[in-house]
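> I'd like to go over a predicted model; first the sequence, then the structure.
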Amino acid sequence: MKGLDFDFVKFTITDVVDIVLVALLIYYVYTLIRNTLAVNLLVGMLIIAIFYRVVDALNMKLLTTIIDKFMSVGIIALIVIFHPEIRRFLLLIGKNAFLQKNKAWWGYLFGRKEIERNNLTRIKPIIDACKSMKKTRTGALIVFVKFYDEQFFANSCELVDAKISKRLLESIFQKNSPLHDGAVVISENKIKSASCILPLTDNDQLPAQFGLRHRAGIGVSETTDAVAVIISEETGEISYAKQGRVRMNVSFGELEKLLNKDF
């Protein structure tokens, strides 16, 4: 039996580097759009592209022309639609976050328990503050973002840029504090800003007891990659918003697991 001839498959060092770079680019783009509305937009565009190929193959001229005209402005539409993600991607390059993420990735492979232990140490002041505010029924909105967009938050927040601590979080949300009316934004293991005014969700199917605090937390999770912890002033109940969805009556054990995963 004659063997298979694989002489036509020729790989050079350049080809290998090319494939690795493309794989890294896809990975980093995925990390940027993961848990954002951009994923749904990409899926929708992929469906349109497949549909275009089908109607073109079936020789449906009118429908093919309409979709073709729509796709002819695709590049401009992509830039407009994915402007926040493109901006975060450029910020990622500028801050040299690739190297930091790679260090974290290697640490995840070879020292996962140590990373989880360190992460739980960072989360503990937040959990302790939530316990105290739940007990006293102090309303609070704490937003966690992967990439702090200074342009997005600059016009509606007071810059803090302080180490995360239980006392600081409690003092910010005290009713007599000038910063209590709004959200605290946490990023890069720091309290970056406070008294932030956030966009409200347009979802009209939410429970009637949800006030502005809940709607702001859900709204920011819809439009960005952020997650939000909301403490009700009326009941002390803790809610957790992510990707426009909200989990109600979250226990402290659940909150610790969620933050350990997302923060």
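Ah, there it is.

> measure stretch 50-70 end to end?
14 Å (CA to CA, to the nearest Å).

> mean confidence for it?
Here the mean pLDDT over stretch 50-70 is 85, rounded to a whole number.

> show me how far it is from its chain's centre.
Taking CA atoms, centre = their mean, to the nearest Å, one finds stretch 50-70 lying 35 Å from the centre of the chain it belongs to.

> ditto for stretch 45-52
26 Å.

> one more: stretch 163-176?
Put simply, stretch 163-176 sits 24 Å off its chain's centre (CA atoms, centre = their mean).

> residues contacting that stretch, please?
With CB atoms under 8 Å, 6 or more residues apart in numbering as the test, stretch 163-176 has contacts from 122, 125-126, 128-129, 132-133, 138-140, 142, 162, 177, 179-180, 184, 186, 189-191, 194. All C-beta atoms are positioned from the backbone trio N, CA, C, and that covers glycine.

> next, the buried residues of that stretch.
Using 16 or more other CB atoms under 10 Å as the test for burial, stretch 163-176 gives 164, 166, 168-170, 172-173.

> how long is it end to end?
Its start and end residues considered, stretch 163-176 measures 22 Å (CA to CA).

> cool, and stretch 225-242?
Its first and final residues considered, stretch 225-242 spans 8 Å by CA to CA.

> list the buried residues in that stretch.
Judged by neighbour count using 16+ other CB under 10 Å, the buried positions of stretch 225-242 are 225-233, 238-242.

> does residue 138 count as helix, strand or coil?
When classified by DSSP: H, G, I helix; E, B strand; the rest coil, residue 138 comes out as coil.

> re the thing from before, ok, which pair from the buried residues of stretch 225-242 is furthest apart?
Farthest apart among the buried residues of stretch 225-242 by CB to CB are 225 and 233. That separation is 26.7 Å.

> which of the buried residues of stretch 163-176 lies closest to residue 260?
Checking the buried residues of stretch 163-176 against residue 260 by CB to CB gives residue 164 as the nearest, at 14.5 Å.

> tell me the spacing between that closest one and residue 28.
Distance, residue 164 to residue 28, using CB to CB, to the nearest Å: 27 Å.

> which parts of stretch 198-211 are buried?
For stretch 198-211, a neighbour-count test (16+ other CB under 10 Å) marks 198, 201, 210 as buried.

> so who does the last one touch?
Spelled out, that is residue 210. If a contact means CB under 8 Å, 6+ apart, then residue 210 has residue 218 as its contacts.

> phi, psi of it?
Here is the backbone geometry of residue 210 (degrees, to the nearest 10): phi -70, psi 120.

> again, but for the second one
Dihedral angles of residue 201 (phi, psi; degrees, to the nearest 10) stand at phi -70, psi 150.

> for residue 220, see how far away it is.
9 Å.

> so what's in contact with these two at the same time?
Between them, residue 201 and residue 220 share no contacting residue, judged by CB under 8 Å, 6+ apart.

> which SS state does the most centrally placed residue in the chain fall under?
The chain has residue 225 as the residue nearest its centroid, 1.7 Å off, counting by CA atoms, centre = their mean. Assigned with three-state DSSP, residue 225 falls in the coil class.

> returning to that earlier point: quick one: which of the contacts of stretch 163-176 sit in strands?
Of the contacts of stretch 163-176, the ones assigned to strands by DSSP state E are 140, 142, 162, 184, 186, 190-191, 194.

> among those, who's most crowded?
The residue in the ones in strands among the contacts of stretch 163-176 with the most neighbours, by other CB atoms under 10 Å, is residue 184 (27 neighbours).

> does that residue touch residue 191 like I think?
Yes: with contact defined as CB atoms under 8 Å, residue 184 counts as touching residue 191 (6.0 Å).

> quick one on the thing from earlier: next one: the residue nearest to the centre of the chain from residue 191, what distance?
Taking CB to CB, one finds residue 225 at 18 Å from residue 191.

> which residues of this structure score low on pLDDT?
1-11, 31-39, 74-75, 78, 81-118, 151-152, 154 (pLDDT under 70).
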